[in-house]
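Student: quick check, what structure comes out for this input:
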Amino acid sequence: MVLVLWDIDHTLISTRGVGRELSAAAFLRVTGRPMREQARIDGLTEPVIFRETARLHGLVTGRAEFEAFAHALTEEHRKRSTELRERGHALPGAAAALTALEAAGATQTVVSGNVRAVSEIKLHVFGLDRHIRWDLGAYGGDDDVRAQLVRLALERSATRAAEAVLIGDTPADVEAGLANGVRVVAVATGRSSEADLSAAGPFAVLPDLRDTEQLVKLVTSAAT
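Tutor: This next block holds a predicted model:
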């Protein structure tokens, strides 16, 4: 049995700017300040993004402030889920990939920098949640470090690293998988080029998720 660890943003979905707007709304609710700028987000977890964004605004925050932000961010996603659906989209091949991996016998979950509630909303909005075992995943609320999230997912699923494959769109995804001995299939569906992803040392790099047959072969061969 293969365990597939999916990243979400720019791997399975694109929010096309809505995500930043929702973060800004939650930031204003928690800090009382408009979010003039946001820290770099690619490959980082939500606690780190919030902390560094707050620092850009001259604020020092702790766990309590992050928990308040996570709650506000979840509420914003629920409140504006229709807008998220209308403006964002599932990336090409994402739905077919999830279905094909399910048919191939893979267990699928999420390793995401998003908090769990937001992860669930995002995939549900685009109809990508049917094959996800949420209880086996790891999320931004669990740890600041992405490599630790991979470790947690392996522990929660009682899976050996050799039986798992991570699919993500950033060098940080690749590094988090490799730090735990997990092979990575990188997809150049985000801001990182195929060359940038290859340099991080994944098992394979794909331009996107459109070639379902190739993806299934890569995943099953990587974990044998």
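Student: neighbouring contacts of the helix or strand where residue 54 lies?
Tutor: Under the criterion of DSSP states H and E, residue 54 resides in helix 46-56. Helix 46-56 is contacted by residues 23, 27, 31, 35-41, 44, 60-61, 65-66, 69-70, 73, 113-115, 118, 140-141, 144 when judged by Cβ atoms under 8 Å, 6 or more residues apart in numbering. Placement of C-beta: from N, CA and C, glycine included.
Student: next: stretch 166-182.
Tutor: Contacts of stretch 166-182 (Cβ under 8 Å, 6+ apart): 4-7, 9-11, 42-44, 111, 146-147, 149-151, 154, 161-162, 164-165, 183-192, 196-197, 199-202, 219.
Student: narrow these to those in helices?
Tutor: In helices, defined here by DSSP state H, the members of these are 146, 147, 149, 150, 151, 154, 196, 197, 199, 219.
Student: can you list the domains in this protein?
Tutor: 3-14+89-222, 18-85 (automatic domain parsing).
Student: buried residues of the helix holding residue 54, list them for me.
Tutor: Buried residues in helix 46-56, counting neighbours by 16 or more other Cβ atoms under 10 Å, are found at 46, 47, 48, 49, 50, 51, 53, 54.
Student: leaving out sequence neighbours, find the closest residue to the first one.
Tutor: Spatial nearest neighbour of residue 46, chain neighbours left out: residue 140 (3.6 Å); criterion: Cβ to Cβ, 6 or more residues apart in numbering.
Student: avg pLDDT for the helix ranked longest in the chain?
Tutor: Ranked by residue count, the top helix of the chain under DSSP H comes out as helix 63-79. Mean per-residue pLDDT for helix 63-79: 98.
Student: cool, and stretch 22-29?
Tutor: 98.
Student: before we move on, what about stretch 154-165?
Tutor: 97.
Student: can you point out the buried residues in it?
Tutor: Neighbour-count burial for stretch 154-165 [16+ other Cβ under 10 Å]: 154, 157, 159, 161, 163, 164, 165.
Student: quick one: which of those is nearest to residue 86?
Tutor: Among these, residue 165 lies closest to residue 86 (Cβ to Cβ), at 32.4 Å.
Student: so where's this protein uncertain?
Tutor: 223-224 (pLDDT under 70).
Student: let's see it at 90
Tutor: 1, 40-43, 221-224 (pLDDT under 90).
Student: quick one: the strands in it?
Tutor: For the chain, the strands defined by DSSP state E cover 3-6, 13-14, 89-90, 107-110, 164-168, 183-187, 204-206.
Student: thanks again, I'm all set now.
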